[in-house]
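Trainee: Take this sequence and fold it.
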Amino acid sequence: MNRSIYLSLLGTLFFAPACAPPGTIDCDVSGETRVSASAGDPDAVVTADLQFVGVTTQSEGFAIRSVTVGGLQATSVDFDFASWSVTLPFGMLKTLPAALPAGAPDADVVTVSVPVIAMDACGKSSSTSVMVKVARRPQIHVDTLTMTPQYPGGQIYIPANGLFPLILTLTANPEGAGAQATLSSTAGGTFGGDGAQQTVVLSGDGTAGASATTFFSSTQPGVTVLSASSKMTTSVLPVRVAGPPTLFPSVATLSPGQGIRVTVSTEGAIHQCSATPVADVSVLSGVHDLMVTPTAIDVSGDGKVDIDITVAATLKKAATLTITCSDPFGQFSSGTYAVAP
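Mentor: So this is what the prediction gives:
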C-alpha cells in the first residue's frame, strides 16, 4: 500500500470526530433554532385574553421540544412546534413589566414586552419578543351578570319578620369592575337595609369576576322577583318570603269524647309545635305528646304537620287548650281550642 494513502487512512481513523450512536442526537453539531411570533394588530389596545401564534425552525433539523410565551407553555399545532399557539390571560399581560411613558406612571395604556422562547432537543434556545399595548384600565363593559343567594339558617326562604336577610352576591365578567348595578324587587322589600332600590358598584382587579354584595329583606309573604341591571345586562332571581306557620282550624270547641285534626302549613319550614297542658285532653303529633315534647310530624304525608286533639269522655272541667307552632326564625302562630263538659 502506498505510504501516503496508509498514513491518510490512519489519520482518519484516529482523528476524525466521533459520530453519535444510531438513534441519538449529535448535539456537538452546530445548529440554530429560530422562532417568530405575532399577536395580531400591533397597534390594537388589548383589553381581554390574547392569542399568540408563531413558527419555529431548526437549521440541523433537530426537534423543537417546547415554546413558552410569557412563561406559559404553547401548544404545538404542527409536528415539533413547526407552528404553535397559546392564549395569555389578560390578567397575566397586565402583570408583565411595562415601558411606561415618561411622567405617566398611571397611564391607561402601556406597552409590554412578551418574551417568546423556543428550546430544541439539545437544550439550545432561541428567543424573541412581541410588543403589546395593554389597557391597564380597560373600558368597563358588563357581558354577564348573575345573582347568587345565601339564605339564612340553611333554609330556602327568608322570614317575613325582616330580621334575617338574604345575602345577595352579584357577579359580572372581569371587565365589569367599576360598573354600577341597580337592584329592585317586584313586591317591595329593602336592599342593604335602606330602601326598596339600591345601586352598588361592582369591584374587581380586572382578572377575576367583578362583584358586589348586599342584603335583601321583606315583610311581605309570597314570591318576589329581584332584578339587577348593569349596562344593559339584566339578571333576575325569585325569592320566597314566608310568614309564620298557619293552623287550620285555629279555633274550635270540643265536647267530651270528641276529637279533631289540626293541620299546620307554611311556605317556609316548621320548627316545632307545642301545647299547653290540659287535663283529660291528649294532643299528639304522630306518637309525640305536644304537652310534653314539642315536635312537628307530617302524619298524612301531604307536606303539612298533623296534630290530633282528643277529649276524654270523662272530662269534668272546662278549659282552653293553646297550640303554638313556630319556624326556625321564631315566627309563630297559635290556635285556641275550648273544651267543655
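
Trainee: Below-threshold pLDDT in this structure: ranges please.
Mentor: For the chain, applying pLDDT under 70 flags the ranges 1-26, 28-30, 99-107, 137-138.

Trainee: all helices of it, in order?
Mentor: Residue ranges of the helices in the chain, as given by DSSP state H, are 3-15, 90-95.

Trainee: tell me the contacts of V241?
Mentor: Residues in contact with V241 (C-beta atoms under 8 Å, 6 or more residues apart in numbering) are 157-160, 187, 189, 218-224, 267. Every C-beta, even on glycine, is put in place using the N, C-alpha and C of the backbone.

Trainee: Spatially nearest residue to T213 (excluding sequence neighbours)?
Mentor: T169 (5.0 Å; C-beta to C-beta, 6 or more residues apart in numbering).

Trainee: Quick check: the one you found vs A228, distance?
Mentor: 10 Å (C-beta to C-beta, to the nearest Å).

Trainee: intersection of neighbour lists for these two?
Mentor: In contact with both T169 and A228: M147, using C-beta under 8 Å, 6+ apart.

Trainee: Compare the two (neighbour count), which wins?
Mentor: A228 (23 against 13; other C-beta atoms under 10 Å).

Trainee: Kindly state the beta-bridge partners for D306.
Mentor: Under DSSP bridges, the beta-bridge partners of D306 are T263.

Trainee: what's the burial count for it?
Mentor: Counted with other C-beta under 10 Å, D306 comes out at 18.

Trainee: Next, work out how far apart A338 and G268 are.
Mentor: 29 Å.

Trainee: Name the residue in these two with the higher neighbour count.
Mentor: Using other C-beta under 10 Å, the more surrounded residue of A338 and G268 is G268, with 22 against 13.

Trainee: Now the buried members of the contacts of V241.
Mentor: 157-160, 189, 218, 221, 224, 267 (16 or more other C-beta atoms under 10 Å).

Trainee: Return the closest of the residues you listed with respect to V109.
Mentor: G189 (42.9 Å; C-beta to C-beta).

Trainee: Excluding chain neighbours, what is closest to that closest one?
Mentor: S218 (3.6 Å).

Trainee: F248: neighbour count?
Mentor: 12.

Trainee: Relative to A135, how far out is it?
Mentor: Taken as C-beta to C-beta, the span from F248 to A135 is 63 Å.

Trainee: neighbours of the closest residue to T207 other than its chain neighbours, just the number please.
Mentor: Once flanking residues are discounted, T207 sits nearest to G91: 3.1 Å by C-beta to C-beta, 6+ apart. Burial measure for G91: 13 neighbouring residues, criterion other C-beta under 10 Å.

Trainee: could you list every residue that touches G91?
Mentor: G91 neighbours (C-beta under 8 Å, 6+ apart): 174, 205-208.

Trainee: can you list those in JSON lines and add neighbour count and distance to T57?
Mentor: Shown next, in JSON lines, are the contacts of G91 (neighbours: other C-beta atoms under 10 Å; distance: C-beta to C-beta, whole Å):
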{"residue": "P174", "neighbour count": "20", "distance to T57": "37"}
{"residue": "D205", "neighbour count": "10", "distance to T57": "39"}
{"residue": "G206", "neighbour count": "20", "distance to T57": "37"}
{"residue": "T207", "neighbour count": "14", "distance to T57": "35"}
{"residue": "A208", "neighbour count": "11", "distance to T57": "39"}
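
Trainee: any idea which of those residues is closest to T234?
Mentor: Looking across those and measuring by C-beta to C-beta, the closest to T234 is P174, at 19.1 Å.
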